[in-house]
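**Student:** Kindly generate the corresponding structure for this input.
(one chain, ligands or ions: 2)
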Amino acid sequence: MKTALTIAGSDSGGGAGIQADLKTFSANGVFGMSVITAITAQNTVEVRSVQDIEINIIKDQIEAVFDDIQVDAVKIGMLSSSETVKIVADRLNHYSPKVIVLDPVMVSKGGHHLLKEQAIEALKAKMLPLATVITPNIPEAEVLSGMTIRTVEDMEQACKKLYELGPKAVLLKGGHLEGEPNDLLWDGQSFNWFNGRRVETKNTHGTGCTLSSAIAAGLAKGEELIEAIQSAKNYISIAIEHSLALGHGHGPTNHFYELYNKARMEER
Ligand SMILES: Nc1ncnc2c1ncn2[C@@H]1O[C@H](COP(=O)(O)OP(=O)(O)O)[C@@H](O)[C@H]1O
Ligand SMILES: Cc1ncc(COP(=O)(O)OP(=O)(O)O)c(N)n1
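**Tutor:** Ligands and ions are numbered 1, 2, ... in the order given. The predicted model follows:
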């Protein structure tokens with residue numbers, strides 16, 4: 001069985017972070033492993049508090065996994081501090097996994113900062129160059145590129161700017177723009193669009209975590225980047241279409257809808 005490792009924060013509410021990543025890996029048929037960088041006390045409404053995990057424990061988790069188990073893909077989410085960015089980059093440089101999907105998580109839907117401002121430069125300098133693909137949303141891409149993004153032309157220009165920071169490819173997610181949620185890939189050679197249909201729902205907690213983990217799962221299984229993104233886009237679209245009205249805020253996506261649906265059909 002192929003494997004994927006998520007290096008990210010824990011979301012007690014289960015919709016984003018490590019919890020979303022592991023559900024996504026399972027739903028997409030890869031064995032999931034985790035390195036926890038921070039614990040958030042979070043639900044569908046808000047992030048109440050954050051405890052960063054000690055740097056030595058983050059290092060030990062990474063080493064415990066890599067020293068023993070084959071890692072076919074790494075997905076990176078919430079890194080919280082510049083110290084965490086540095087130790088994760090250092091260990092990934094050491095182990096050189098073939099695939100690194102970096103979701104440059106910065107702010108939760110409720111507006112809580114999940115990456116300290118002082119860590120942004122470290123993220124740019126140390127993490128972006130290691131990535132097979134980065135998956136910023138529009139606000140994250142604006143911070144990383146230093147430009148405002150409103151139009152398709154802005155998206156193209158931002159992709160090129162982010163590519164200059166060193167990742168092998170940039171997938172700029174269009175979910176935060178008006179209109180259809182279309183995502184744009186730039187791999188240094190050509191643009192590819194992954195088009196979606198907007199689902200009118202407030203239950204979109206963890207969409208970014210879920211998309212990036214699904215891409216990591218596809219790459220772990222040996223899919224080419226475009227194929228992995230297309231199947232991840234199909235997966236997140238279905239997960240949003242059948243998202244769950246749990247809690248009082250932004251409910252989670254439905255990570256196992258397809259699996260349960262298939263099982264139900266087979267029972268009949
Ligand atoms: N309401 C929606 N309907 C359908 N797809 C969506 C919707 N909102 C976001 N998406 C898609 O979900 C994925 C995650 O995007 P986004 O929500 O922008 O990320 P983030 O959670 O990092 O802010 C992207 O593929 C985006 O196009
Ligand atoms: C622990 C943790 N990690 C990441 C996020 C952000 O997740 P994302 O998929 O961008 O979803 P929203 O927060 O935008 O709903 C998080 N909230 N918590």
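
**Student:** Only C-alpha atoms from now on, for both contacts and neighbour counts.
**Tutor:** Noted.

**Student:** how would you label V50: helix, strand or coil?
**Tutor:** Following DSSP: H, G, I helix; E, B strand; the rest coil, the label given to V50 is strand.

**Student:** which non-adjacent residue is nearest it?
**Tutor:** T40 (4.5 Å; CA to CA, 6 or more residues apart in numbering).

**Student:** May I see the buried residues of the one helix or strand the one you found maps to?
**Tutor:** Using DSSP states H and E, T40 sits within strand 31-42. For strand 31-42, a neighbour-count test (16 or more other CA atoms under 10 Å) marks 31-40, 42 as buried.

**Student:** Provide the strand pairings for that strand, with the direction of each partner.
**Tutor:** strand 3-11 (parallel), strand 47-52 (antiparallel) (DSSP bridges).

**Student:** right, and the helix or strand after the first one?
**Tutor:** For strand 3-11, the succeeding helix or strand toward the C-terminus, using DSSP H and E, is helix 17-27.

**Student:** buried sites along that following helix?
**Tutor:** Those would be 17-27, for helix 17-27 by 16+ other CA under 10 Å.

**Student:** Next, the angle from that helix to strand 3-11.
**Tutor:** 150 degrees (axes from the mean of the first three to the mean of the last three CA atoms, to 10 degrees).

**Student:** Provide the secondary structure category for L128.
**Tutor:** helix.

**Student:** mind listing what I76 touches?
**Tutor:** By CA atoms under 8 Å, 6 or more residues apart in numbering, the residues touching I76 are 6-8, 100-104.

**Student:** Out of these, which are close to ligand 2?
**Tutor:** Filtering the contacts of I76 for proximity to ligand 2 by CA under 6 Å from any ligand atom leaves nothing.

**Student:** any idea which of those is closest to A239?
**Tutor:** Using CA to CA, D103 comes nearest to A239 of these, at 18.4 Å.

**Student:** ok, that closest one - how many residues close by?
**Tutor:** D103: 26 surrounding residues under other CA atoms under 10 Å.

**Student:** Okay, strands next: where are they in the protein?
**Tutor:** With DSSP state E as the criterion, the chain has strands at 3-11, 31-42, 47-52, 73-76, 100-102, 133-134, 170-172, 183-186, 191-194.

**Student:** can you list the ones you listed in TSV and add distance to ligand 1?
**Tutor:** Formatted as TSV, the strands of the chain follow (distance: least, CA to the nearest ligand atom, whole Å):
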stretch	distance to ligand 1
strand 3-11	14
strand 31-42	15
strand 47-52	15
strand 73-76	12
strand 100-102	11
strand 133-134	11
strand 170-172	8
strand 183-186	6
strand 191-194	8
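
**Student:** Could you dump those strands into a markdown table and include mean pLDDT?
**Tutor:** Output for the strands of the chain, formatted as a markdown table (pLDDT from 0 to 100):
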| stretch | mean pLDDT |
| --- | --- |
| strand 3-11 | 98 |
| strand 31-42 | 98 |
| strand 47-52 | 97 |
| strand 73-76 | 98 |
| strand 100-102 | 98 |
| strand 133-134 | 98 |
| strand 170-172 | 98 |
| strand 183-186 | 98 |
| strand 191-194 | 98 |
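
**Student:** Which stretch among the strands paired with strand 31-42 is buried most, on average?
**Tutor:** Neighbour counts (mean count of other CA atoms under 10 Å) averaged over each of those peak at strand 3-11, with a mean of 26.

**Student:** so how far is that strand from its chain's centroid?
**Tutor:** Distance, stretch centre to chain centre, for strand 3-11: 9 Å (CA atoms, centre = their mean, to the nearest Å).

**Student:** Kindly report the same for stretch 210-221.
**Tutor:** So, by CA atoms, centre = their mean, the centroid of stretch 210-221 is 9 Å from its chain's centroid.

**Student:** again, but for stretch 169-179
**Tutor:** Worked out by CA atoms, centre = their mean, stretch 169-179 lies 13 Å from the chain centre.

**Student:** Counting neighbours, which bits of it end up buried?
**Tutor:** 169-175, 177.

**Student:** Kindly list the longest helix within the chain.
**Tutor:** In the chain, taking DSSP state H as the definition, the longest helix is helix 225-241.
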